[in-house]
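J.: Show me the folded form of this:
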Amino acid sequence: MALFAVSPETMRPTALTLNLIVAGLGAVRYWYRGQTNIRLLLAFAVTATPAAFIGGWATSHILMAHSGALLGFQQAAVSGDPRQNVPAGYSFNPAVFAVSPAYTPRTNPLYYDGLRGRSFWQLDSTVVKYFQITERFKLELRLEMFNAPNVFIPSDPDTGIGSGTMGQSTWVAGGNYGREIQYTGRIHF
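T.: Residues are numbered from 1 along each chain as shown. Coordinates of the predicted model:
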C-alpha cells in the first residue's frame, strides 16, 4: 500500500482488517485438518480476552465534607442556652426563644458558639473505560455517580423565631435528592 501512496490513516485499519482475515482463514484450515490443540487455543483465549479489558480504565473521585454552617438567629427574647436540653430530633432547644416585643433592642447574640447546622459528607465518583477501535478511533464508556453512597443530607434547621418547625430540618440540603447516576458513551476521533 505504501508503494501506491496510500495514506497512513487508511493503511493502518486496512492492514489490521487484512491480517485478521488471513489469520482467521489460517486458523480455520488448521482446525479442519485437526492440527489445532484446542486446550492451548482455549488457554490463550481465556487469558487474552480479560486482559483486553483490564487496561484503559480511569477513575476520579471527589469527597466533600461539610462541618455545618453557623446558625444565625433573629432578634429574640432568650431565656436560656439553646445548646442545653435539646429535644430528640432537634438541632437546638427552641423553647428558649420567644418573639421579642416590638422596638426592643437586640440582646441575644447573632451566633452561639458551637451551634451549627448538620454536618455531612458526600462522595462523587466517575469510572471510565476506553476501548481502542482503531488507531484513530476510541470508544469511551463513562459512569458518573453523584452522592454515590446515597447519603441523606438534611438542610440546616429552621431558625425562624416562633416558627412551628424551629430547630428542625424539614428539607434536603442544597437540592441534593439522593444518588444520581448518568451513563455516557462517546466516540473520540
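
J.: tell me what the longest strand along the chain is packed against?
T.: As assigned by DSSP state E, the longest strand anywhere in the chain is strand 120-132. With contacts taken as 3 or more C-beta pairs under 8 Å, 6 or more residues apart in numbering; DSSP states H and E, strand 120-132 sits against strand 57-66, strand 138-146. Where you see a C-beta, it was placed from the backbone N, CA and C, and this is true even at glycine.

J.: what sits up against that strand?
T.: 53, 56-66, 138-149, 151, 153-154, 173, 176 (C-beta atoms under 8 Å, 6 or more residues apart in numbering).

J.: Ok, stretch 79-96 next?
T.: 71, 78, 97-98, 112, 114-115, 117-118, 157, 166-169.

J.: and Gln74, what pLDDT?
T.: On pLDDT, Gln74 comes in at 91.

J.: Now do the strands in this structure.
T.: 57-66, 77-78, 97-98, 120-132, 138-146, 180-188.

J.: Among these, which comes closest to Ala15?
T.: strand 120-132 (15.3 Å; C-beta to C-beta).

J.: what is the orientation angle of the closest one with strand 57-66?
T.: For strand 120-132 against strand 57-66, the angle between stretch directions is 170 degrees (axes from the mean of the first three to the mean of the last three C-alpha atoms, to 10 degrees).
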